[in-house]
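Chemist: Give the three-dimensional model of this entry:
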Amino acid sequence: MEDQNYTIKDIARMAGVSAGTVDRVLHNRGDVSSKSKAKVQKVLDEIHYQPNVFAIGLAAKKKYTFICLIPYYIEHDYWHSVVGGIERARQELRPFNVSVNYLCYHHGDKKSYQEACHTIRDSSVDAVLIAPNFREETIELTSYLQENKIAYAFVDFNMEEANALTYIGQDSYKSGYIAAKILMRNYSLGEGQELVLFLSNNKNNPAEIQMQRRLKGFMSYITEEYDNLTIHEVVLNKSNQENNQQTLDEFFQAHPKAVLGIVFNSRVYQLGEYLRHAEHSMKGLIGYDLLKANVDLLKSGDVHYLIGQRPGLQGYCGVKALCDHVVFKKSVDSVKYMPIDILIKENIDFYFEFV
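Modeler: Down below sits the predicted model:
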């Protein structure tokens, strides 16, 4: 249909319902039969109806409280970037009486996550942006939110059975598959040369589902394309670099033909720094996320590829989607996948994340 301004009476006439019914649908007030609601929604879709958000902001008396449940963060790390996007959304939504607060937990710490989930249940909140961690605790929290008609969205990782309003993040499986394709197609293996999977000591932790999905995608490509490839697993400790050094010394001494490697989390800098200080290099090394330490090693050539997943944009879009649903009563896509950005030292200086 041609663009024009439609009144509530126009929409009511087109839908064959009363103006009061249209008003209740638009503002989510009162009971409307599913049949009448479907008629109104069909017209809204046909005319590409967009609410006047500025008028909503001026007229709204209700104050909205959003909580962002995310891991603790430090400057320059992945979650610091997520918060940067959230903060931009928070500033934009101030005129609409939306306040955005943070509730942080220690990643991989079940007790910390449980306590944060319980805090949300004891809070007065209109919407929650969740970086899900432990499955059972997340399902328990989201069941509570569903029962109380509180909207929630996921960022970073999607727990499909929890039925979030929307998921905003990468397809973890496909990012792993693509990582394998990049690594293996760009660096041909010579006779006897080997592949290394650098894994976290928390690799079997229920909180590391995203890393497990990346690994599954990576190995899916390897299984499809290679029959007799020698693959090693080296487990690195998240918080003990001294122990990692000993582990890596022993591994590379025993396996000098291990020339290709991948780190499935954001800590490829642990391996890259080791390689630099040990004056050792790998033919191809790929990791995740554009942390400053990772980017420095990409530029120096100690890391060859980084896969980015737009953390700032995830945070921004997550809060905006909740606001669209809760405040503006707009429909929201159930999934918004982030691009799988492939960065090398030749293009990293031209990359920026718009949020």
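Chemist: what are the ranges of the strands in the chain?
Modeler: 64-71, 98-105, 127-130, 151-155, 167-169, 194-200, 231-236, 258-263, 284-288, 305-308, 335-337, 341-343 (DSSP state E).
Chemist: Determine which of those strands approaches residue 45 most closely.
Modeler: Nearest to residue 45, of all these, is strand 335-337, at 19.2 Å by CB to CB. C-beta: built from backbone N, CA, C; applies to glycine.
Chemist: Going by contacts, tell me the helices and strands next to the closest one.
Modeler: Here strand 335-337 touches strand 167-169, going by 3 or more CB pairs under 8 Å, 6 or more residues apart in numbering; DSSP states H and E.
Chemist: What are the contacting residues of the strand it packs on?
Modeler: 153-158, 160, 309, 314, 317-318, 321, 334-338 (CB atoms under 8 Å, 6 or more residues apart in numbering).
Chemist: Just the buried ones from these?
Modeler: With neighbours counted by 16 or more other CB atoms under 10 Å, the contacts of strand 167-169 contain buried members at 153-158, 309, 314, 317-318, 321, 336, 338.
Chemist: Okay, now the unreliable bits of the stretch 1-150 of the chain?
Modeler: 1-5, 29, 50-61 (pLDDT under 70).
Chemist: Equivalent analysis for the stretch 251-355 of the chain, please.
Modeler: Using pLDDT under 70, the stretch 251-355 of the chain drops low at 354-355.
Chemist: if we can go back for a sec, distance to residue 329 for the strands of the chain - can I get that in CSV?
Modeler: Output for these, formatted as CSV (distance: least, CB to CB, whole Å):
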stretch, distance to residue 329
strand 64-71, 12
strand 98-105, 14
strand 127-130, 13
strand 151-155, 11
strand 167-169, 20
strand 194-200, 42
strand 231-236, 48
strand 258-263, 43
strand 284-288, 37
strand 305-308, 33
strand 335-337, 19
strand 341-343, 33
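Chemist: between these, which one is nearest to residue 250?
Modeler: strand 231-236 (9.6 Å).
Chemist: relative orientation of the closest one and strand 258-263 in degrees?
Modeler: 50 degrees (axes from the mean of the first three to the mean of the last three CA atoms, to 10 degrees).
Chemist: And strand 231-236, what's buried?
Modeler: 234, 236.
Chemist: show me what contacts the spatially most central residue of the chain?
Modeler: Central residue of the chain (CA atoms, centre = their mean): residue 156, 2.0 Å from the mean position. Taking CB under 8 Å, 6+ apart as the contact definition, residue 156 lies against 82, 131, 132, 169, 210, 311, 314.
Chemist: what about the closest residue to the first one other than its chain neighbours, neighbour count?
Modeler: If you skip the residues right next to it in sequence, residue 82 has residue 315 as its closest partner in space, 4.1 Å away by CB to CB, 6 or more residues apart in numbering. As a burial measure, residue 315 scores 30 neighbours (other CB atoms under 10 Å).
Chemist: Kindly report the same for residue 249.
Modeler: 13.
Chemist: Please verify my assumption that it contacts residue 275.
Modeler: No: with contact defined as CB atoms under 8 Å, residue 249 does not reach residue 275; the gap is 11.6 Å.
Chemist: Let me know how buried residue 43 is, in neighbour terms.
Modeler: By other CB under 10 Å, neighbour count at residue 43 equals 21.
Chemist: Next up, the contacts around it.
Modeler: 11, 14, 15, 49.
Chemist: returning to what we had before: whichever of the contacts of residue 156 end up buried, select them in PyMOL.
Modeler: In PyMOL, a selection of the buried entries from those looks like this (16+ other CB under 10 Å):
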select buried, resi 82+131+132+169+210+311+314
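Chemist: Among the contacts of residue 156, which lie within helices?
Modeler: For the contacts of residue 156, the ones inside helices are 82, 210, 311, 314, with DSSP state H as the criterion.
Chemist: Any chance of a markdown table for those, columns distance to residue 177?
Modeler: Formatted as a markdown table, the ones in helices among the contacts of residue 156 follow (distance: CB to CB, whole Å):
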| residue | distance to residue 177 |
| --- | --- |
| 82 | 24 |
| 210 | 14 |
| 311 | 21 |
| 314 | 20 |
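Chemist: Would you mind giving the domain segments of this structure?
Modeler: 6-49, 62-168+310-337, 170-306 (the TED database).
Chemist: Just the endpoints, please. Distance across the shortest one?
Modeler: With CA to CA, to the nearest Å applied, domain 6-49 spans 8 Å between its terminal residues.
Chemist: how far does it sit from the chain's center?
Modeler: Here the centre of mass of C-alpha atoms in domain 6-49, compared against the chain's by CA atoms, centre = their mean, to the nearest Å, lies 34 Å away.
Chemist: before we move on, what about the second one?
Modeler: The offset between the C-alpha centroid of domain 62-168+310-337 and the centroid of the whole chain comes to 11 Å, using CA atoms, centre = their mean.
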